[in-house]
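Participant: Would you be able to build a 3D model of this:
(chains A and B)
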Amino acid sequence: MAEPLIELKEIYKVYQMGEEEVRANDGVTMTILRGEFVAIVGKSGSGKSTLMNIIGALDVPSDGEYLLGGADVGSMSDNQLAQIRNKMIGFIFQQYNLLPRLNLLENVELPLLYSGAGTEERKERAMASLERVGLAEKWKNLPNQLSGGQQQRVSIARALAGNPSLILADEPTGALDSKTSRDVLDFLKELNDEGNTIVMITHDSTIALEARRVIRVHDGKINFDGDVNEYSAIL
Amino acid sequence: MNILQSFKMALKSIWGNKMRSFLTMLGIIIGVASVIILVSLVNGQMSYMKDSFTSMGTNQMTVRLTNLTTRYADVDDMYQFYNDNRDLFSHMTPSVSVSATLKYGTESLEDTTVTGVSEEYLDMKDQTLNAGRFISYSDIASRQKVCVVGYYVAWKLYGSVDNAIDKTIKMNGSAYRIVGVISRQDEDELEAGGTDDILYLPYSSAAKMNNTARISNYVFATSDTDYTAKAKESLETFLMGIYKDDSLFRVTAMSEMLESLDSMISMMSMVLGGIAGISLLVAGVGVMNIMLVSVTERTREIGIRKALGAKKINIMQQFVIEAAVTSSLGGVVGIVVGSVATTIVGAAIGITATPTPGAVIVSFSVSVGIGLLFGYMPASRAANLSPIDALRSE
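Facilitator: A predicted model of the protein is given here:
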């Protein structure tokens, strides 16, 4: 059996909204193994975004333990978190989040820039990554010269460039039409087949069905965790 | 990520926002240029003044006496003192200013500096003769009506130096014979009232023309500029012995005036430079303002960078370097603008003004410093943004 990559134990995230205390995560425990393709599904306000922020090392839990590849991320400093994001996680965002003034190559190079790779290595790996998503010949273009689907592929290339342990996709098809969505999802599956661990956050159950395992979040708690076939059965 | 990449990134961002970057720089450009222009012009003007003082002779001191009927020093007393102190003094001359109109034929000169002097005057002023001879001791003793004229006088009234020798010139009605012509002093221009529009006559004749029995002005030259203080002291002791009151005489050493002029120059430069420096400060606030706007505008970019692994220090570095590059680019342009403007303005008002290295170095480092200082606050605001909030911003 594969070793665990993500281990969440009794994760709480509590926000103070004026007088009221909001429990965005209310005791979440789960384990994701290396090589899995997991969809975290939930309605808006269910706490899935908070969960993604914690998994993505963008935020730390109020309480609980989070181990990523064995390292205790829950108690890390800002700089250590930045390093975890840089080395271990590749982000794919709904809005692509490419920097508009940088060309594709420079965009894909960004995580490598912050990891301290040399100029040659950076260029080589970023180019290989662009090649992987089929946009190598457009490396000089600016993001706004590309279609939405192409931009999302660039952001996937950027996520892959640092060779991360985990690919974290936040509503990766949210801004795309159904055909390009299909392409992106197929591409994610392909990456998973090659052994990449993928966690995809979505509000859309039909998108969640593309994963191999589904975790459903409701009111800050997990109310379903199982194989995609079991999930489609309860829909 | 190294510094070089941060510089590249800064230049890219400045270039991407050309208009705004230029307007931000404009404040720095104006500030730096005005520091350079003001300091350089003051220095130019002051060194011009200093040069004219120096050309009068830094080893010289002038003595001005107020003679009373009961307490006075006459020419013989002064010569006695001079001869007793030849170790300190190399030259001495009475100096009698005469206000006179010069005439030859139908031509006349009104601005000529006419001075009664002794035979030592020529050596003392380091001037040479173009033709003829200078005033001699016997001219003085017998109050001869002879004179030595400057190049301008000879050229203006007689057409040439050779024509002027042995001609007569009328001064306030009396005729004087020209025995010599001084070599041209100012190679650039000959003008009325200039350094070549001069006439020397024996001090005895000049005193007679002025109807003064006792001469009240003398010029001493020390044999070495190191003796200035000592020579001045011995002159004052001597005069105090005669007048018993230090308000009746005044000894002024050129080198002392030069020193006070020097301190005045640096004072003026600092004051004016400081005033111009205030505009640099205002420019700095402008840089901070724009950087704050830039941080707000680029919150999302900061979020993305942080999500991709940028540490606080990376973001900090990016914004500080951007501010520093903006203001130092402004500084460089300001130095160029200031230097060109200095030369143009200097030429327009007729002084040789060149940008001083000091002003250039100070204003450049101040502009870089301003970038670092005023860039720090916006940069630390950017660095401390939470990646989640930053990513969520539109």
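Participant: out of everything not next to it in sequence, what's closest to residue B:327?
Facilitator: residue B:371 (3.4 Å; C-beta to C-beta, 6 or more residues apart in numbering or on different chains). The C-beta positions use only the backbone N, C-alpha and C, and glycine is treated the same way.
Participant: Show me where the chain dips below the pLDDT cut-off.
Facilitator: With no chain named, the answer covers chain A. A:1 (pLDDT under 70).
Participant: should've been chain B
Facilitator: The model of chain B has pLDDT under 70 over residues B:1, B:56, B:394.
Participant: Of all the residues in it, which one is nearest chain A?
Facilitator: Chain B approaches chain A most closely through residue B:309 (2.3 Å), counting by C-beta to the nearest C-beta.
Participant: Confirm that residue sits in a helix?
Facilitator: No - using DSSP: H, G, I helix; E, B strand; the rest coil, the assignment for residue B:309 is coil, not a helix.
Participant: and it, what is it in contact with?
Facilitator: Residue B:309 sits next to A:82, A:83, A:85, A:86, A:87, A:111, A:114, A:115, A:162 when contact means C-beta atoms under 8 Å, 6 or more residues apart in numbering or on different chains.
Participant: Sitting in helices, which of the residues you listed do you find?
Facilitator: A:82, A:83, A:85, A:86, A:87, A:111, A:114, A:115 (DSSP state H).
Participant: In CSV, list the residues you listed along with distance to chain B and neighbour count.
Facilitator: Shown next, in CSV, are these (distance: C-beta to the nearest C-beta, whole Å; neighbours: other C-beta atoms under 10 Å in any protein chain shown):
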residue, distance to chain B, neighbour count
A:82, 4, 26
A:83, 7, 17
A:85, 5, 27
A:86, 2, 25
A:87, 7, 16
A:111, 5, 31
A:114, 4, 22
A:115, 6, 18
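Participant: Residue A:38: which of these is nearest?
Facilitator: Of all the ones in helices among the contacts of residue B:309, residue A:38 sits closest to residue A:85, with 18.8 Å by C-beta to C-beta.
Participant: what ranges do the helices span in the chain?
Facilitator: Here I'm looking at chain A. Assigned by DSSP H, the helices in chain A fall at A:48-55, A:78-88, A:104-115, A:119-132, A:148-161, A:178-193, A:205-208, A:228-234.
Participant: Can you look at chain B instead?
Facilitator: Taking DSSP H to define them, one finds helices in chain B at B:3-16, B:18-55, B:75-84, B:121-124, B:137-141, B:151-158, B:161-164, B:203-210, B:228-243, B:254-297, B:299-307, B:312-349, B:357-383, B:387-392.
Participant: Not counting sequence-adjacent ones, nearest residue to the residue of chain B closest to chain A?
Facilitator: That would be residue A:86: by C-beta to C-beta, 6+ apart, it lies 2.3 Å from residue B:309.
Participant: mind checking how far the one you found is from residue B:320?
Facilitator: Distance of residue A:86 to residue B:320, computed by C-beta to C-beta, to the nearest Å: 21 Å.
Participant: which residues touch the residue nearest the centre of chain A?
Facilitator: Computing the C-alpha centroid of chain A and ranking residues by C-alpha atoms, centre = their mean puts residue A:168 first, at 1.1 Å. Going by C-beta under 8 Å, 6+ apart, residue A:168 touches A:52, A:55, A:56, A:89, A:90, A:91, A:92, A:199, A:201.
Participant: how about 7 Å then?
Facilitator: A:52, A:55, A:56, A:89, A:90, A:91, A:199 (C-beta atoms under 7 Å, 6 or more residues apart in numbering or on different chains).
Participant: Now, those that are in strands?
Facilitator: Those of those mapping onto strands are A:89, A:90, A:91, A:199, per DSSP state E.
Participant: can I get these in a markdown table with neighbour count and distance to residue A:65?
Facilitator: A markdown table is the format used below for the ones in strands among the contacts of residue A:168 (neighbours: other C-beta atoms under 10 Å in any protein chain shown; distance: C-beta to C-beta, whole Å):
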| residue | neighbour count | distance to residue A:65 |
| --- | --- | --- |
| A:89 | 24 | 18 |
| A:90 | 28 | 23 |
| A:91 | 24 | 23 |
| A:199 | 25 | 18 |
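Participant: Among the contacts of residue A:168, which ones lie close to chain B?
Facilitator: Residues of these in contact with chain B (C-beta under 7 Å from any C-beta of the partner chain): residue A:91.
Participant: Specify which member of the contacts of residue A:168 is nearest to chain B.
Facilitator: Chain B has its nearest neighbour among those in residue A:91, at 5.4 Å by C-beta to the nearest C-beta.
Participant: Between the helices of chain A, which one is closest to residue B:5.
Facilitator: Closest of these to residue B:5 is helix A:104-115, at 6.4 Å (criterion: C-beta to C-beta).
Participant: Dump the C-alpha coordinates for that closest one into PDB.
Facilitator: This file holds the C-alpha atoms of helix A:104-115, laid out as PDB (Å, rounded to 0.1, in the frame of the first residue of the first chain):
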ATOM      1  CA  LEU A 104       4.300  32.200 -20.800                       C
ATOM      2  CA  LEU A 105       7.800  31.000 -20.100                       C
ATOM      3  CA  GLU A 106       8.400  33.600 -17.400                       C
ATOM      4  CA  ASN A 107       5.100  32.600 -15.800                       C
ATOM      5  CA  VAL A 108       6.000  29.000 -15.700                       C
ATOM      6  CA  GLU A 109       9.500  29.900 -14.400                       C
ATOM      7  CA  LEU A 110       8.100  31.700 -11.400                       C
ATOM      8  CA  PRO A 111       8.000  28.800  -8.800                       C
ATOM      9  CA  LEU A 112      11.600  27.800 -10.000                       C
ATOM     10  CA  LEU A 113      12.600  31.400  -9.500                       C
ATOM     11  CA  TYR A 114      11.600  31.300  -5.900                       C
ATOM     12  CA  SER A 115      13.200  27.900  -5.300                       C
END
